[in-house]
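Chemist: Dropping a prediction and its sequence here:
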Number of protein chains: 8
Amino acid sequence: MGSQSDWPTMQRAANILDELNVAYDAKIVSAHRTPDRMYMFGKRAADEGYQVIIAGAGGAAHLPGMLSALTHLPVLGVPVQSKAMSGLDSLLSIVQMPAGIPTGTLAIGEAGATNAGLMAAAILALQDADLSDRLQKWRAARAVAVAETPSDEV
Amino acid sequence: MGSQSDWPTMQRAANILDELNVAYDAKIVSAHRTPDRMYMFGKRAADEGYQVIIAGAGGAAHLPGMLSALTHLPVLGVPVQSKAMSGLDSLLSIVQMPAGIPTGTLAIGEAGATNAGLMAAAILALQDADLSDRLQKWRAARAVAVAETPSDEV
Amino acid sequence: MGSQSDWPTMQRAANILDELNVAYDAKIVSAHRTPDRMYMFGKRAADEGYQVIIAGAGGAAHLPGMLSALTHLPVLGVPVQSKAMSGLDSLLSIVQMPAGIPTGTLAIGEAGATNAGLMAAAILALQDADLSDRLQKWRAARAVAVAETPSDEV
Amino acid sequence: MGSQSDWPTMQRAANILDELNVAYDAKIVSAHRTPDRMYMFGKRAADEGYQVIIAGAGGAAHLPGMLSALTHLPVLGVPVQSKAMSGLDSLLSIVQMPAGIPTGTLAIGEAGATNAGLMAAAILALQDADLSDRLQKWRAARAVAVAETPSDEV
Amino acid sequence: MGSQSDWPTMQRAANILDELNVAYDAKIVSAHRTPDRMYMFGKRAADEGYQVIIAGAGGAAHLPGMLSALTHLPVLGVPVQSKAMSGLDSLLSIVQMPAGIPTGTLAIGEAGATNAGLMAAAILALQDADLSDRLQKWRAARAVAVAETPSDEV
Amino acid sequence: MGSQSDWPTMQRAANILDELNVAYDAKIVSAHRTPDRMYMFGKRAADEGYQVIIAGAGGAAHLPGMLSALTHLPVLGVPVQSKAMSGLDSLLSIVQMPAGIPTGTLAIGEAGATNAGLMAAAILALQDADLSDRLQKWRAARAVAVAETPSDEV
Amino acid sequence: MGSQSDWPTMQRAANILDELNVAYDAKIVSAHRTPDRMYMFGKRAADEGYQVIIAGAGGAAHLPGMLSALTHLPVLGVPVQSKAMSGLDSLLSIVQMPAGIPTGTLAIGEAGATNAGLMAAAILALQDADLSDRLQKWRAARAVAVAETPSDEV
Amino acid sequence: MGSQSDWPTMQRAANILDELNVAYDAKIVSAHRTPDRMYMFGKRAADEGYQVIIAGAGGAAHLPGMLSALTHLPVLGVPVQSKAMSGLDSLLSIVQMPAGIPTGTLAIGEAGATNAGLMAAAILALQDADLSDRLQKWRAARAVAVAETPSDEV
């Protein structure tokens, strides 16, 4: 992610990966404040064995797209909700990539971070039948947990 | 895709998959006009051997998200440019999924369709070293093709 | 509605139906988390005797449009106010349906839920003179309740 | 509708009602240029035997909401695509009605007009089994007409 | 104004008119809940001696435009800040009037209400030299009150 | 107006004033390119006998608001439709004035220019019974000209 | 800046200039309330030795563009976050200047004010090697301060 | 600029620099397709003697902000008008930079490119009296060229 301040959002992705027992690294790599770190991370990510990259950023959110430019690995982008524009700027900065450099973009904010974790798991599950099984169980459990009728007590 | 009218956009995804020699099916599955077809396709997609689903739709674009709900496979969504809202409605209908059901969303229109093809290839390349090689070469060739200086003749 | 969290909004529709003495069922049917439940509900709604369906959802709000696709009954959609986009995403996801599959959309949030209840009543009142009478009295009472001049005490 | 210039859009509603053999009147009633005509039409609509009102207007589109205020009949609103704002102004002017006065709003432009006709038919079909049958056949025919695969010739 | 809930905003207009010693009536006239009251008020406003009408409303804000349709007097519209759309819906519903029926629209919220009072005064001052003098002094006093440098204490 | 390129829009205001036989001057006064001319015009407008100012501008449209700051006369603003933002930038730049400095804003583009002419006439008609009569006749003629039913020939 | 209320935002620019030891004046110059003061300031700024002007304003934010019109010095604009539109109105009013009159616009709110200070420093550093050195050290220190991994304690 | 396709827009900046006799290089440096080229250019720009960088890009426009991250030189950003979003995505991707990394952003499209050239000239003119003189003359000539009254012939 681009900043410590993105962690409360991005931690949702980490939580899902923990729940599904998927190994990951959580790093702060700022496209704007630490461009060298970002450049090196992106160039080496495939060689260092990463398979999927989740990048969250807000405002003029360049981290996901720049990583997409620096690696051929699949990159998932999470638009962090920004103060003035409520994440519309983050969303457009991440999703409107030019032809040739894809970033798979999730929803603005915490839902998007959760879903980035789930999508990374779904990608990895293509080559990991156990993970696929855990993922399907996770989804089925959530469906079952939806009550049939609304409750006033909540 | 949701309609024959989406084909000029979605064909860009097919073109990329052709270029990278990735097998695919192109189907018209409308969430709104053929909900049964969509429901059956989504439920059976994993069992029928699909690995990644690319879904394009415009306006109140429900196809990508509904397929995400019906399968645990990774789903990529392409917001087709709509008439009145220029695809902003398509984009928000696809990307703003609730926590639990991810859709990896690409850019509005043809760039997004091209990138959906590339992202599907990047996902499949994680378990296919030859495809990974073809993808890296495709990207390298495109980088080389960028001229150093602008040309007035274009 | 799509989620327990939509109930504080959608309860406004229930309240109006209670006030006007119209029978209804309140169910949680999530397009994304419980697509099977949604599919079955939509397919069977007409046969089970429902006459009008009110569906509320937020964000990438697919429930109203999917129910419109699954039944020929009139479907009313309520865009629940979302966190990042204040319901603009919900509104566009519900209202921008393609030709062939209508969803009658009400305002974002509680006003829309109240109005969904009123519109359902107005539809049912076409074949129920007593309900029509109750509805007209409800409207007349509200008009009378509007003060002529503003009050500083409020 | 509010103006002759809205007819190319609103004619789609008329076409659907013709196809489904539903009787209707097409009138020009401008909230802004002919407020007396609008006021009288709204006040008398129920007594004159109208059952559903479809109102289309663009820009600061007040006709649907004003008719909703003047009659207890169900009113469907069609946001006509405007020049500068592409119908976003029309949409918000129609859909964002306050609690108490519902307008069932359809999509911007021709799709919305088509759907207003379909929704009116769905409402009337609740008390007309033959119309319900025609409506279901119309919908089924459209589903069948969706090709399985895209065609490059189009 | 359209509702008691608009009074905290619209009171700013009243305050300015009080400060400038301009006579006015403050009334609640709802386009949607009391369309008869609105219709009568608009039709009779000129005959009853009103010279300028200030109308404030929020959401699908039809009151200013409908009064503009019902009277040839100058009408000023104030978009009250709405909950979900922050007044963008109110603004577009008021300002985007079709050719032929003008509404002079002020800013969203309290600033707009203050300015509606000032603009009404400026209009009336064209035929009232004393009011023109009071208005010019009010403006001059405000200019003088602007400090040369910012203060940290505020 | 701010530029020769605004004339096709602003000419609509001139046309209305011609139709209603109201005297006016049409000037190009650019807030950005000729700030001195604008400053002098605004400061002297009241003394030179102007009664109402109509200012049209596009993009970052500062002319209407700056004239409002420079004169106590009523100022009407017309947002000229801009290329990239379709006049949304013009509209917000004109209407969102701070408390103290009112600009009565009309619709984006030609409808707004027409209405600026009509509103200026309505303001001047408060002290000119003949003009009021002409204005009322103009409005009545337009209402009569609205056909009762739509015509396919158009 | 245009108002005392802009100071909490604009103080971020002052803080940066203090940190980098750049001399500056902080003045309140309102385009709308004190147009004479603004006009004089803009006309004389170059002669009085100013080199870069930072102007912050909100809503219909005319100060930055008007200063750009009045001086040939580089002008930086900061869109102050507004109440109803969250600064989108401020941003468009500042950035959408017509060809010929540039305003270098920074982000909405405090980040933009900080960056206006940094950009002014970067401009002045072109002719001041010591300042360039201080600026580079400031940037390097910030990069170093970015932690490698996120911390839950924050 | 990021692409040959940006040249018709960015050429406006080049034209202004030509008119004002300012030396410049025009390069294609794509943040996404040639990230290495961009990285090297940004890191070396100051050492190679560049003083001001003008960067134009469209859609998810990362080039201006990434160059701002890679160099301490002043960077000016031009949002190129994009297809689906008309440059709103470009604008937000460029202007909404986080505190610490400024990009001075100009208007969307050709006006912005022209103004980027003028702003670069204004910055350089701080240390070049002859350029300052040429810039002031250019501005004065443009002011004189504004006609006093509009012409119907155009």
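Modeler: Cool, the structure landed.

Chemist: Would you quantify the distance from A:Ile53 to chain B?
Modeler: Look at A:Ile53 and chain B: by CB to the nearest CB, to the nearest Å, they are 11 Å apart. Using the backbone N, CA and C atoms, a C-beta is placed for each residue, glycine as well.

Chemist: Residues in a beta bridge with the residue of chain A found nearest chain B, which ones?
Modeler: Taking CB to the nearest CB, chain B has its nearest neighbour within chain A at A:Gly104, 2.8 Å off. When bridges are called by DSSP bridges, A:Gly104 pairs up with A:Leu76.

Chemist: what sits against it?
Modeler: Residues in contact with A:Gly104 (CB atoms under 8 Å, 6 or more residues apart in numbering or on different chains) are A:74-77, A:119, B:76, B:104-106, B:119.

Chemist: Please save the CA atoms from stretch A:125-142 in PDB.
Modeler: Provided in PDB are the C-alpha atoms of stretch A:125-142 (Å, rounded to 0.1, in the frame of the first residue of the first chain):
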ATOM      1  CA  ALA A 125      -6.900 -21.300  -6.200                       C
ATOM      2  CA  LEU A 126      -6.700 -22.100  -9.900                       C
ATOM      3  CA  GLN A 127      -3.500 -24.000  -9.200                       C
ATOM      4  CA  ASP A 128      -4.200 -25.000  -5.600                       C
ATOM      5  CA  ALA A 129      -7.200 -27.300  -5.100                       C
ATOM      6  CA  ASP A 130      -7.000 -27.100  -1.300                       C
ATOM      7  CA  LEU A 131      -7.300 -23.300  -1.500                       C
ATOM      8  CA  SER A 132     -10.100 -23.600  -3.900                       C
ATOM      9  CA  ASP A 133     -11.900 -25.800  -1.500                       C
ATOM     10  CA  ARG A 134     -11.300 -23.400   1.400                       C
ATOM     11  CA  LEU A 135     -12.500 -20.500  -0.800                       C
ATOM     12  CA  GLN A 136     -15.700 -22.300  -1.800                       C
ATOM     13  CA  LYS A 137     -16.400 -23.200   1.800                       C
ATOM     14  CA  TRP A 138     -15.900 -19.600   2.900                       C
ATOM     15  CA  ARG A 139     -18.400 -18.400   0.300                       C
ATOM     16  CA  ALA A 140     -20.900 -21.100   1.100                       C
ATOM     17  CA  ALA A 141     -20.700 -20.200   4.800                       C
ATOM     18  CA  ARG A 142     -21.400 -16.600   4.100                       C
END
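
Chemist: And the contacts of it?
Modeler: A:19-22, A:118, A:121-122, A:124, B:51-52, B:72-74, B:100, B:123-124, B:126-127, C:33.

Chemist: Out of those residues, which sit inside strands?
Modeler: Judged by DSSP state E, strands contain none of these.

Chemist: could you flag which of these are buried?
Modeler: Buried members of the contacts of stretch A:125-142, scored by 16 or more other CB atoms under 10 Å in any protein chain shown, are A:20, A:22, A:118, A:121-122, A:124, B:51-52, B:72-74, B:100, B:123-124, B:126, C:33.

Chemist: burial count for the residue of chain A found nearest chain D?
Modeler: Here the residue of chain A nearest chain D is A:Leu88; by CB to the nearest CB that distance is 14.6 Å. By other CB atoms under 10 Å in any protein chain shown, the residues close to A:Leu88 number 25.

Chemist: how close does it sit to C:Gly77?
Modeler: 23 Å (CB to CB, to the nearest Å).

Chemist: cool, A:Pro102 as well?
Modeler: Applying CB to CB, the value for A:Pro102 to C:Gly77 is 32 Å.

Chemist: Residue numbers of chain A in contact with chain H?
Modeler: A:2-3, A:31-33, A:35, A:39, A:42, A:58-60, A:62, A:65-66, A:68-70, A:82, A:84-85, A:88-89, A:92-98, A:100-101, A:103 (CB under 8 Å from any CB of the partner chain).

Chemist: hmm, which of those are the buried ones?
Modeler: By neighbour count, with 16+ other CB under 10 Å, the residues of chain A next to chain H hold A:2-3, A:31-33, A:35, A:39, A:42, A:58-60, A:62, A:65-66, A:68-70, A:82, A:84-85, A:88-89, A:92-98, A:100-101, A:103 as buried.

Chemist: Pull the contacting residues for A:Ala143.
Modeler: Counting by CB under 8 Å, 6+ apart, A:Ala143 makes contact with C:33-34, C:36.

Chemist: Next, format the residues you listed as a markdown table and append pLDDT.
Modeler: Formatted as a markdown table, these follow (pLDDT from 0 to 100):
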| residue | pLDDT |
| --- | --- |
| C:Arg33 | 95 |
| C:Thr34 | 96 |
| C:Asp36 | 96 |
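
Chemist: taking those residues one by one, which sit in helices?
Modeler: C:Asp36 (DSSP state H).

Chemist: could you point out where chain A is predicted with low confidence?
Modeler: The model of chain A has pLDDT under 70 over residues A:153-154.

Chemist: just the helices in it please.
Modeler: Under DSSP H, chain A gives helices at A:7-19, A:35-44, A:63-70, A:88-95, A:110-124, A:129-144.

Chemist: Nearest to H:Thr9, out of these?
Modeler: Closest approach to H:Thr9 among the helices of chain A (CB to CB): helix A:88-95, 18.8 Å.

Chemist: Does that closest one reach chain C?
Modeler: Yes - Helix A:88-95 reaches chain C (CB under 8 Å from any CB) through A:Leu88.

Chemist: hmm, that helix in reach of chain B?
Modeler: Yes - contact check for helix A:88-95 against chain B, using CB under 8 Å from any CB: residues in range are A:91, A:95.

Chemist: what packs against that helix?
Modeler: Helix A:88-95 sits against strand A:53-58, helix A:63-70, strand A:75-80, strand A:104-105, helix B:88-95, helix H:88-95, with contacts defined as 3 or more CB pairs under 8 Å, 6 or more residues apart in numbering or on different chains; DSSP states H and E.
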